[in-house]
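**Student:** Following is a predicted model, sequence given first.
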Amino acid sequence: MPEPKLDLLQGTLDLMVLQTLAAMGALHGYGIARRIEQVSGEEILLNQGTIYASLVRLQERGWISAQWGTSDNNRKAKFYSITKKGRKQLAADAVYWERLSSVMSRVLALEEGGRK
Amino acid sequence: MIAWLQQFVHRLRSSFANAHVDRELEAEMAAHIELAIEENLKRGMPAEEARRSAMIRFGGLEQAKQHHREARGLPRFGAVVESVLQDVRFGLRTLRKKPTFTVVAVLTLALGVGANTAIFSIVNAVLLRSLPYRNPDRLVRIFFNNPGIGMRDVLFSVPELEDLRDRAGVFDDVSTIGGGSVNLTGASHPERLEFVVSHPNYFSMLGATPQIGRLFGPQDFALGFAPAAVISDGLWRRSYGADPDVLGRTLHLDNDPYTIVGVLPPEFRHPGPTVSGNVEVFLTAGFSADPVPTPSRGTRFMPAALGRLKPGITLGQAQARLTAMANQLRHDFPTDYPAQSKWTIEIKPLQETLVGNVRPMLLVLQGAVILIVFIVSLNIANLLLARASGREQEMAVRLALGATRGRMIRQMLTESVLLSVIGGLAGVMTAVGTMGFILRFVPSNIPRLSEVRIDWVVLAFALLISILTGLVFGLAPALHSAKVALSSAIREGGRGSGYSTKTGRLRDVLIVSELAFAVMLMVGAGLLLRTLHDLLQENPGFNPSHVIAANVWLPIPNDPKADPYLGNPPKIIFNRELLRRMRAIPGVDLAALTSDLPTTNLSVNDAQAIDALAIEDHPVESSQDLRAERIRISPDYFKVMQAPLLRGRSFTEGDEEGKQPVAIIDETTARRYWADRDPLGHRLRFGQDPKQPWMTVVGIIRDIKSDGLDIDGIPHIYVSMYQSTDRGLSVVLRTALPATVLEPQIRHEIQSIDSGLPVFNVSSMNDVLDASVAPRRFSADLVSGFAGLALLLASIGIYGLLAYMVGQRSREIGLRMALGARRDDVLKLFLQKGAVLATVGIVAGVVLSASTASMMASVLYEVRPHDPSVFLVVPLLLLAVALLASYFPARRAARINPIVALREG
């Protein structure tokens, strides 16, 4: 029996989308979803449809912008790219996540008796 | 902040462009699926598998759309709007599902709110809105009083007015207001209309502007009457066809010519007491030369004055200075101000003097309609509560499914407010639609009626009333249903069992309050109806049946040369000719003349109408206190009126000029001035002029209600019209013919004598009496209508409550019957419930009425606010109706078939 896939923690999808766009430049929704799946090594349970809620949310906050364009195989698609504000936000959120995950790993590393 | 704003704008836009955004999303998702399929195909999947896998990976198109909408939808505010809209939609659905309830509720609400809107629009126009003049709060009516001898609002002299203007230092402007009615000739046909004569500053003091032409100014100053006239918009349209060239035309008022210099705008009204209807001609005078006497401090002939207070002076300060000035004047001119009269000056806000006397009546009406709307909302609360009990199961299920209690209260309140707003709209529309109709019944002597309209203030009031009623009747059921205990309600509802005690008690309270309010309204109506009934039963001192009255005025020109009726002889000739012609009309049995037709003597105030009197054998120093109203009559007057002569004789044709002057006194005069002595043969005279001849008392007549059915105790002295003439005449005819038949003949005969005489107000004496109580009839009828409505609503309430109880308890009743209860017992059970509720409500209502009825004292006449018959009849009537309303559901309960009830329950 394969290991069950990871559920996404609240708010993490937005961060992933921002990071993906920062790293890859303009991408359409499908491209973002595929990229995240590939990076996660297929470990994440991602309904690709949920990406669109995240995209509209980020757009409303002004962190990404969207534009209709044509894909590599000549298909009309909406392309998203990160804005300057989005990059700032990404930097802040990344710091937050690093801190949170290092705290988490330290907490989880606690051994019985309280010693490391 | 800016980011937040951007986001808000974006969301707002997206919520407006929802359809567009949805379409774009669909295109985007379609592209997504296509891209996925292509990639799958490239990886070598078969076509069918490629599509399936793409769809699975996407994870539900609808779900994605929903997430998208949630993410972009308006948060907070938007969610609230959304959920309110949802509540409204749900509420409308619920209301549609119960059409009978909705129709009853909306109709009763429409009645309640409509009545409130209509009455409030009158209250607002008459009492609340400030007068339509410049700085109306600085305008005052000036009164001269003799409190020492109990006289208010007495006449004043030119020097007294000049003191106000030049010496008092509190007024910017002061103007005398005189006037009355005059014969208009020189327009389309002779007409009787009202005029005002004032100082030239009258219009500038009020801040009026002309529609065309000009108003009075300093150029119109004249010692006597100026030859200029300003006319009302109404007269301009009626008699001159709204001709813009009316300026410069001549009209004749009591034979004197005036040139029209201006026309007032339609909204202008003279801010003072008028005889009837509106003032249509405005004249100006200096009051210091013909036709008025030479000014002197003691020559008092001016009836009223208006003033504009200087800015910055309060009413109290002005009053204090005027009182001080009056004291000084009394000191300086002791002969003009006899010490015992304590002459003084009083000012009152103009608005107060205009509307003060109708305030009690209007407030009673407003109170009545507010009670009605209370009763309406209690009634609806009861119906809603019944429904809420029926919906307990629904509510319990919703609670169990996770709805919060707050959310449910909101849902219920939304339904109620929705109902009340629909009812309120219907009410306002009813009021708007029927306002013209209602105003026709409002007695025309209520001032400012022309200003009544449904404006924003009235609409705001109507909205407030509707929403308040919605909250009132919605809150009880809402709170109740939110308190539903989950388990018991689901269980109880499932079994369809009894009348739960908690709701039961609330409903009882509602019914009892409804009945109590109904009692209050009915008591109010009862008191007003008794007053009206007593007034109409009141013996007016004569028999009004088969009497027709018509009015004629002989002109009083300022120019004696234009006066065909100068001195007594021409008037007496006219009177005799008029009576001869009247008697000759077929169907007329008797004809007579009087100077004062009973109950139409609308003299502005009593003090001015009552003449000073001297009685021969009374000590001179008390002559100040002797007063009586002088009424001139022709010999047959008492015969036409069928007024019983108590002693002595009536006037004859021989009681004419040059013969022994005679007088007939009424009982009040006899009682007041002769007490237990016999007045016959004693002598009296009017005025203090010792050169006037004494008149001998030749008869005593029963009191005639000359000044109105509700006015007593004014002494009257009748004198022969052939010895003392008058220009204001009422013709009275004893005839079986109706007024409408006789009117053309009366007019023809009178205008055959003098074609310039208008003949007006031709009507039966019964109609004259009726018109004199019109305001009382209006309020009595209106409040009675409201009381009837309250009674109906209360009986619907009781009926509804018991019918509901019977329905809820049918199983229990069936059980009781199966166990041996007789039908009579069941009947009694419910009748008793109705009787107990009614009794408690009635007792509460009687207590409330007893404690508030005294507020009505000022609109009652000879009926005490705690009139025992009213307080006896109302409870009995309401009890009877309540029992009747309980009887029908009780009978239904008694007819329950126990087998059916038990099986179906």
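**Tutor:** Great, that's in hand.
**Student:** quick one: contacts of stretch B:728-747?
**Tutor:** Stretch B:728-747 is contacted from outside by B:546-554, B:575, B:578, B:582, B:585, B:587-597, B:600, B:637, B:639-642, B:750, B:759, B:762-765, B:767, using Cβ atoms under 8 Å, 6 or more residues apart in numbering or on different chains. All C-beta atoms are positioned from the backbone trio N, CA, C, and that covers glycine.
**Student:** Same question for stretch B:687-702: list its buried residues.
**Tutor:** Of all the residues in stretch B:687-702, those buried under the rule 16 or more other Cβ atoms under 10 Å in any protein chain shown are B:Met695, B:Val697, B:Val698, B:Gly699, B:Ile700, B:Ile701.
**Student:** Pick out whichever of those residues sits closest to chain A.
**Tutor:** Using Cβ to the nearest Cβ, B:Ile701 comes nearest to chain A of the buried residues of stretch B:687-702, at 95.2 Å.
**Student:** Is the closest one in contact with B:Gln642, as I believe?
**Tutor:** No: B:Ile701 is not in contact with B:Gln642 according to Cβ atoms under 8 Å; the separation is 11.5 Å.
**Student:** Who's the closest spatial neighbour of residue 87, skipping the chain neighbours?
**Tutor:** Answering for chain A, as no chain was given. Nearest in space to A:Arg87, with sequence neighbours left out and distances taken as Cβ to Cβ, 6 or more residues apart in numbering or on different chains, is A:Ala22 at 6.2 Å.
**Student:** Wait, chain B was what I had in mind.
**Tutor:** That would be B:Thr414: by Cβ to Cβ, 6+ apart, it lies 4.0 Å from B:Asp87.
**Student:** who are the neighbours in contact with that neighbour?
**Tutor:** B:Val84, B:Asp87, B:Val88, B:Phe90, B:Gly91.
**Student:** B:Pro447 too?
**Tutor:** Contacts for B:Pro447 (Cβ under 8 Å, 6+ apart) come out as B:Val126, B:Leu354, B:Val355, B:Val358.
**Student:** residue contacts, B:Leu247?
**Tutor:** With Cβ under 8 Å, 6+ apart as the criterion, the residues that contact B:Leu247 are B:Ile212, B:Gly213, B:Ile260, B:Val261, B:Gly262, B:Val263.
**Student:** ditto for B:Ser869
**Tutor:** Counted by Cβ under 8 Å, 6+ apart, B:Ser869 has contacts B:Arg530.
**Student:** any idea how far it is from B:Leu527?
**Tutor:** 10 Å (Cβ to Cβ, to the nearest Å).
**Student:** Next, the distance between the ends of stretch B:175-195.
**Tutor:** End-to-end distance of stretch B:175-195 (Cα to Cα, to the nearest Å): 15 Å.
**Student:** Distance from the chain centre to that stretch, please.
**Tutor:** Distance, stretch centre to chain centre, for stretch B:175-195: 28 Å (Cα atoms, centre = their mean, to the nearest Å).
**Student:** May I see the buried residues of it?
**Tutor:** Across stretch B:175-195, burial judged by 16+ other Cβ under 10 Å covers B:175-185, B:187, B:190-195.
**Student:** Stretch B:330-345 now?
**Tutor:** Applying 16+ other Cβ under 10 Å to stretch B:330-345 flags B:Arg330, B:Asp336, B:Tyr337, B:Ser341, B:Trp343, B:Thr344, B:Ile345 as buried.
**Student:** among those, which are within reach of chain A?
**Tutor:** Among these, none lies close to chain A by the criterion of Cβ under 8 Å from any Cβ of the partner chain.
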